[in-house]
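K.L.:
got a predicted model here, sequence first, then my questions.
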Amino acid sequence: MHKTFIFLFIIVISLPAKLIEQQKNTYIKAGFLYDSKSNTLLKNKLIQIQGTKIISISEFESLPENSQVIDLKEYTVLPGLIDAHTHVLFYQEPNEDFAEHSVKSLTMESDALRALRGANRAKSYLEEGITSIKDLGNSGLYLDVALRDAINEGTIDGPRIFASGPILAANGGQVYGVLPKHQNIIDLEYRIITNPEDAKNAVREHVNQNVDLIKICADNIPNNTYLTIDEIKSIVKTAHSYNLKVTAHSVTNQSAWNAIEAGVDGIEHGFNLADSTLLKMAEKQIFLVPTENSKSYMYTYAKLANYKENELDWIDNYIDRMKKRLDRAIKIGVPIVAGSDNYTDIKTSSGKSSKDMYRYYLEAGMKPLDILQSSTYISAFQLGRENEIGYIQPKSNADIIAVKGDIINDFISTLENVVFIMKDGNIYKNEND
């Protein structure tokens, strides 16, 4: 009895110390703070952090004495960046055929190896200050969900992942040229939809596997199959009943129009959108994720893919056409969400490769703060997570980065010069120490 009393006494007196430890505050002094909701830069702000959450935003004078302070007065402080279109469990060489590589990956690469490689790629995003990603399929049977869970439980380091699970698609998915007797291989990468009722079941299967959103292929180019409007409507209605967003891969204008008519929340790529389709998107506030690359990236890609010097005229034409499409979308009022879709090995890390999208957006005419807003608040809002990520505000997750340089006049170099990275209150980089 005496020993029991002593044991209980030790527990009781140790509790306050633990509670105090849990409630310790960290303060960040931000020389400039990017307010992603109002799209403005605020000067000399104090961010209070407790555990994994942001508690308050105030002035420097609010700092209590003897506080734990991270001094970022010389830098611009931003919410952790969001890449809204990734495929960290799929990677190919520039000169590889997509279908052949997909089949090889599905038949000759174990899930364990694929997941380990994906974990390494995911970590490279965090190392670049991209603290959240949307991973949109081409990840086997829910390997993206498993990777997300491993990161969330602290087993490995990486960005916060919003996982879609297998892409919902019409017959063949995006893997072309597979013989009829081997079509079952496609089922290892895509959830093939056969009718509107099956579409409901597919969403339910994804719900039971705890996906964060639903990704569909509105078209399957270069395969000729596509989901019908009724099938997409069935997907959207079921997904929305479980509070899941639906975003649609679309290459053709018609497939985008079908997806919009069926009620999707976003269009991925949208390379060939007509003004009438963009107007419908603006009217319904359906977001667009333009997944283009800069001119320098495209020339690097072409060189690695063994294009000849006289075969590169298409690059300038492509860049010009995509610039005009983005400009039309912005002028019409379509919400723009930043996403890279970089799954090609151009001999740099996945995270660095994906940041090339910022160079493209700048070259296409977007202003630096507008690009940042598309990479933070707008992205989080369209995901329904604006109270958690993409905005430095009370109660949000403590996902905070700092960059060195002039964010307005030297945008790309500044965004590449990340000196501080925090995710969920944990510091992963601090060159200011």
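P.N.:
All right, it came through fine.

K.L.:
ok, and the closest non-adjacent residue to A169?
P.N.:
Sequence neighbours aside, C217 is the residue nearest to A169 in space, at 3.9 Å (criterion: Cβ to Cβ, 6 or more residues apart in numbering). Glycine gets a C-beta too; all of them are placed from N, C-alpha and C.

K.L.:
likewise S164?
P.N.:
Using Cβ to Cβ, 6+ apart, the nearest residue to S164 is K215, at 3.9 Å.

K.L.:
what packs against the helix or strand where the one you found lies?
P.N.:
In the assignment (DSSP states H and E), K215 maps to strand 214-217. Packing partners of strand 214-217 (3 or more Cβ pairs under 8 Å, 6 or more residues apart in numbering; DSSP states H and E): strand 167-169, helix 229-241, strand 246-250.

K.L.:
let's have those in a markdown table, adding distance to D157 and mean pLDDT.
P.N.:
Shown next, in a markdown table, are the helices and strands packed on strand 214-217 (distance: least, Cβ to Cβ, whole Å; pLDDT from 0 to 100):
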| stretch | distance to D157 | mean pLDDT |
| --- | --- | --- |
| strand 167-169 | 27 | 98 |
| helix 229-241 | 30 | 98 |
| strand 246-250 | 27 | 98 |
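
K.L.:
and S36, how far from V77?
P.N.:
Counting by Cβ to Cβ, to the nearest Å, the separation of S36 from V77 is 11 Å.

K.L.:
and for T247?
P.N.:
For T247 relative to V77 (Cβ to Cβ), the value is 29 Å.

K.L.:
tell me which of the two has more neighbours.
P.N.:
More crowded of T247 and V77, by other Cβ atoms under 10 Å: T247, with 28 against 25.

K.L.:
quick one: that one and C217 touch, right?
P.N.:
No. Applying Cβ atoms under 8 Å, one finds T247 not in contact with C217, separated by 10.7 Å.

K.L.:
quick one: the strands in the stretch 151-300 of the chain?
P.N.:
160-163, 167-169, 190-192, 214-217, 246-250, 266-269, 287-289 (DSSP state E, counting those that start in this stretch).

K.L.:
which one of these lies closest to D320?
P.N.:
Shortest separation from D320 across the strands of the stretch 151-300 of the chain is recorded for strand 266-269, at 17.2 Å, computed as Cβ to Cβ.

K.L.:
contact partners for I260?
P.N.:
Each residue near I260 by Cβ atoms under 8 Å, 6 or more residues apart in numbering is listed here: 267, 277, 280-281, 284, 286.

K.L.:
kindly recompute the last result at 10 Å.
P.N.:
Each residue near I260 by Cβ atoms under 10 Å, 6 or more residues apart in numbering is listed here: 218, 229, 232, 248, 250, 266-267, 273, 277-278, 280-281, 283-284, 286.

K.L.:
can I get the strands of the stretch 151-300 of the chain in TSV with distance to P368?
P.N.:
TSV is the format used below for the strands of the stretch 151-300 of the chain (distance: least, Cβ to Cβ, whole Å):
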stretch	distance to P368
strand 160-163	24
strand 167-169	33
strand 190-192	38
strand 214-217	29
strand 246-250	26
strand 266-269	23
strand 287-289	19
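
K.L.:
surely D144 meets A115?
P.N.:
Yes. Contact status for D144 versus A115: in contact at 9.3 Å, counting by Cβ atoms under 10 Å.

K.L.:
give me the more crowded residue out of these two.
P.N.:
D144 (31 against 20).

K.L.:
how about the host helix or strand of the more buried one: buried residues?
P.N.:
Following DSSP H and E, the helix or strand that holds D144 is helix 143-152. Across helix 143-152, burial judged by 16 or more other Cβ atoms under 10 Å covers 143-148, 150-151.

K.L.:
now do the same for E65: its pLDDT.
P.N.:
With respect to pLDDT, E65 scores 87.

K.L.:
tally up the residues packed near it, please.
P.N.:
The number of residues near E65, taken as other Cβ under 10 Å, comes to 4.

K.L.:
which residues does the nearest residue to V145 once chain neighbours are set aside contact?
P.N.:
Using Cβ to Cβ, 6+ apart and skipping residues adjacent in sequence, the residue nearest V145 is A163, 4.8 Å away. Listed by Cβ under 10 Å, 6+ apart, the contact partners of A163 are 89, 133-137, 139, 142-149, 206, 209-213, 215.

K.L.:
and for K53?
P.N.:
Counting by Cβ under 10 Å, 6+ apart, K53 has contacts 388, 394-398, 424-425.

K.L.:
quick one: which of the residues you listed sit in helices?
P.N.:
Among these, none falls in helices (DSSP state H).

K.L.:
just the buried subset of these, please.
P.N.:
388, 396-398, 424-425.

K.L.:
can you put these in CSV and add pLDDT?
P.N.:
Below are those laid out as CSV (pLDDT from 0 to 100):
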residue, pLDDT
E388, 98
S396, 98
N397, 98
A398, 98
D424, 97
G425, 97
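
K.L.:
let's verify N44: helix, strand, or coil?
P.N.:
Classification of N44 using DSSP: H, G, I helix; E, B strand; the rest coil returns strand.

K.L.:
go ahead and confirm V175 touches K104.
P.N.:
No. Look at V175 against K104 with Cβ under 10 Å: they stay out of range, at 11.0 Å.
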